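*Asks:* Turn this into a model:
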Amino acid sequence: MRTALLMKKIIVILFFLFGLLALLKAQARRQLNEIVVEAKAETNALEEQKKAIPAKIVIGAKDLRNFGNHTVGDVLKRLPRIVMQGPPAFHRNIMMGGLDKQFQSVLINGNRPAGGEDYRDFKLDRIPVNMVEEIEIIFNPPAQWGGDAAMGVVNIKLKEAPEKQILNANIDFNHTSTREGLNPGLFFTYGDNYGKLSFITGYSLKQFGRENSTTLADKDIRGTEDETLDVKIAAFNGSMNYTINESNKLKFETFFSNYTEDLDFIADVKRRSDGRLNFTADTAADKKLRRLHSQRLSYETKGEAWKWTNALHIAQNFDEKDRWRMTAKTSGLMETWEDEDQQNTEMVFRSDYQLNFHRHKLKIGVRASGLWRDYMRMAYSRIAGRKFWDEITDGSYTLDEYRLGAYASDEMNFGKLFVLPSLGFDYDTRSYDALDETGGFRYVSVNPALHTKYLFSENFALKADVARQISRPPFNAQVPIDKIKHKKSTIERGNSELKPSLAYNYSGGVEKFFAGSGYVTLRGYYSVMRDLIETKNLGVDPDYGYQLIQSVNVDSGLVWGIDLDARYKLLQHRHNELSLAGNISWLGSEVRDAATGELRRLNEQAQWTSNVALDYLNTRLKFQFSVGMNHLGKRYIAGGSDDGTPIASLVYQPFTQWDARVKYFFRPWGSIFINAVNLFDEVLAIKQAGVSETEVVGRNMRVGLNFTL
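*Replies:* Here you go, the predicted structure:
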């Protein structure tokens, strides 16, 4: 059976390839602008990865654009040690090494977006790939990258003002198998240089509709949960450089993102708090808005052996959610409404100084920031038809956060040995004002790190490092409020006693680079976590009948793993180029369950993840074909008990997704592409004791034109 299924998949891939090859004609070889740009970016990315002392992965234009990736999350899902969370087809939240989103830091141009959301996170489906120059993944970062990065840093570098004129545009239409209709998308970027002034600007618009369908069944009950949603994502970025003279430069950067979503939900079945099923009548309508604008002004002055940069960064993030819901209860038809609005305003001043002298590269810096968070959340409920609301719950608060940080590092070169000691200091103070309570938190953290690299040869190196990291608690998990979530039938209660998690990270590995653009790396890591933040089930709330959960500190946790990552050109002869990229990660962990006290794995940590991508380019035929596979192993969410009744673990079955893309370069400056995401229309299967859940992911087809000048 498995052999027949595998053969079927191979036939579909071959049909996908050769059906389009039949449309092509052999022509004289010409310079293809897009290929030239991607090749240069790939070389620069690998060179940056090779020279770095810390273990890192650098993603250039070729990997960013392949498979028709639209957002940064689509790219990150293919990297070692990384799992992306989110609804079907939405790669929003990053989990690195199995730890939740608050344990890794997402940066844009080296700076954290304004405050992040409830978990200090940033939804990665808000950044279009076409606006990105490259992505850095630093697994065990030195102190200069700041805190809140127990498992690593994702630094997204947006495109910068060029030295010569560039123009890139993209027009496409996409179709999802879960819903009828075509959805247009467009992107353009333009940059130029006029003597001392250079600039770049870009705009992206993506809109799509889809239906998410989930089937729930046990031996007695079978039903569905269906969602219909319409999404629109618009983004704008710009950068301007003014070179005053050889020693002084002024730079301005801006980024804007606007995400809107309309969702309609209907279900005739739901999970009970003990994991079993009930028939129910449930309808809901959601509206979401996420808006971010960010501006940064910097001044750089430099001499022969030094550079000093001062920057002021101002950003705001708005998040609005409205949810209306009608649910069948034993007391009658229950109407609920959740209204959530938040605004984060952040101002950051940063000063960085670099001094180069004999065998040393000394860096010191300070960072001062203020964050003002205004969070409003009201939850209303009543029996349908009543004039007034029966229950009104206010989960609003305001929070002021001030942070002062400093770092120092010295990159030392002793021939074949490179040593990078660093030390980071952070002082945090926060005060909150909730409905019935005021309070505050204060942290002082000193985080040392040591990174080393030994070159056996120019292309073969051994790396080892140790670092201490801090990850601060999520906002809503720490401020003592109740967040009532009617759709999930849960109440999330804040915990004012919550402390930051500490991580002591140890890692090491070997890297071998090949001539051209190939490498293979083997990395291992081991992290000792103190005061790890885990979710505890407190039972059932007597008023709502909802599961009451709270984040708490557990005594310790261990996270470990091994990554094998490789990229190699299998063929490079005349007009033909065949490249293979792949990685496999083995992940392990041990954490004490907050409810039972027993040791278990981290929730949602896959034991195995693997990715393979094959890319073929023929410059004579002006044709490119790519196929990729992303596999996630089995994952668990630990069970517990409900008033003495055992609750079984939720088990995500292994999931494998295939993506493919073909591209034809009809002119040196233009190409047409067709790509398929989840080519074989795989579904996500979830088990909980006798309950089975099947979630339709859907196949997405996208066709478009790309122009590169």
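*Asks:* Helices of the stretch 401-550 of the chain, residue ranges please.
*Replies:* For the stretch 401-550 of the chain, applying DSSP state H, counting those that start in this stretch gives helices covering 475-478.
*Asks:* what's in contact with stretch 213-223?
*Replies:* With contact meaning C-beta atoms under 8 Å, 6 or more residues apart in numbering, stretch 213-223 is reached by 178, 224-227, 267-271, 276-279, 690-696. C-beta coordinates here come from the backbone N, C-alpha and C atoms, glycine included.
*Asks:* Would you mind writing the PyMOL command to select the buried ones in those residues?
*Replies:* The PyMOL command for the buried members of these (criterion: 16 or more other C-beta atoms under 10 Å) is given here:
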select buried, resi 178+225+226+227+267+268+269+270+271+276+277+691+693+695+696
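*Asks:* tell me the average confidence for stretch 294-314?
*Replies:* For stretch 294-314, the mean per-residue pLDDT is 94.
*Asks:* I misspoke; the intended subject was stretch 536-546.
*Replies:* The average pLDDT within stretch 536-546 is 76.
*Asks:* first vs last residue of it, how far apart are they?
*Replies:* Length of stretch 536-546, first residue to last, C-alpha to C-alpha, to the nearest Å: 14 Å.
*Asks:* So Asp681, which state does it fall into?
*Replies:* coil (DSSP: H, G, I helix; E, B strand; the rest coil).
*Asks:* What number of residues are in the vicinity of it?
*Replies:* 14 (other C-beta atoms under 10 Å).
*Asks:* show me where this structure has helices.
*Replies:* Under the criterion DSSP state H, the chain contains helices at 2-21, 33-51, 61-65, 72-76, 475-478.
*Asks:* If you average the pLDDT over the first one, what comes out?
*Replies:* Taken as a whole, helix 2-21 has an average pLDDT of 47.
*Asks:* Likewise for the shortest one?
*Replies:* This predicted structure assigns helix 475-478 an average pLDDT of 86.
*Asks:* With the fourth one instead?
*Replies:* Helix 72-76 carries an average pLDDT of 85.
*Asks:* Next, the buried residues of that helix.
*Replies:* 72-76.
*Asks:* so where do the strands sit in the stretch 201-350 of the chain?
*Replies:* Per DSSP state E, counting those that start in this stretch, the stretch 201-350 of the chain carries strands over the ranges 222-245, 248-271, 277-302, 306-329, 332-357.
*Asks:* Now do the fourth one: which elements does it pack against?
*Replies:* This points to strand 306-329. strand 277-302, strand 332-357 (3 or more C-beta pairs under 8 Å, 6 or more residues apart in numbering; DSSP states H and E).
*Asks:* One more: the third one?
*Replies:* The elements that strand 277-302 packs onto, with contact taken as 3+ C-beta pairs under 8 Å, 6+ apart, are strand 222-245, strand 248-271, strand 306-329.
*Asks:* For those strands, give me a markdown table that also has distance to Asp436.
*Replies:* Listed next are the helices and strands packed on strand 277-302 as a markdown table, based on distance: least, C-beta to C-beta, whole Å:
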| stretch | distance to Asp436 |
| --- | --- |
| strand 222-245 | 35 |
| strand 248-271 | 32 |
| strand 306-329 | 23 |
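*Asks:* and of these, who's closest to Arg601?
*Replies:* Each of the helices and strands packed on strand 277-302 has some distance to Arg601 by C-beta to C-beta; the shortest is strand 248-271, at 21.8 Å.
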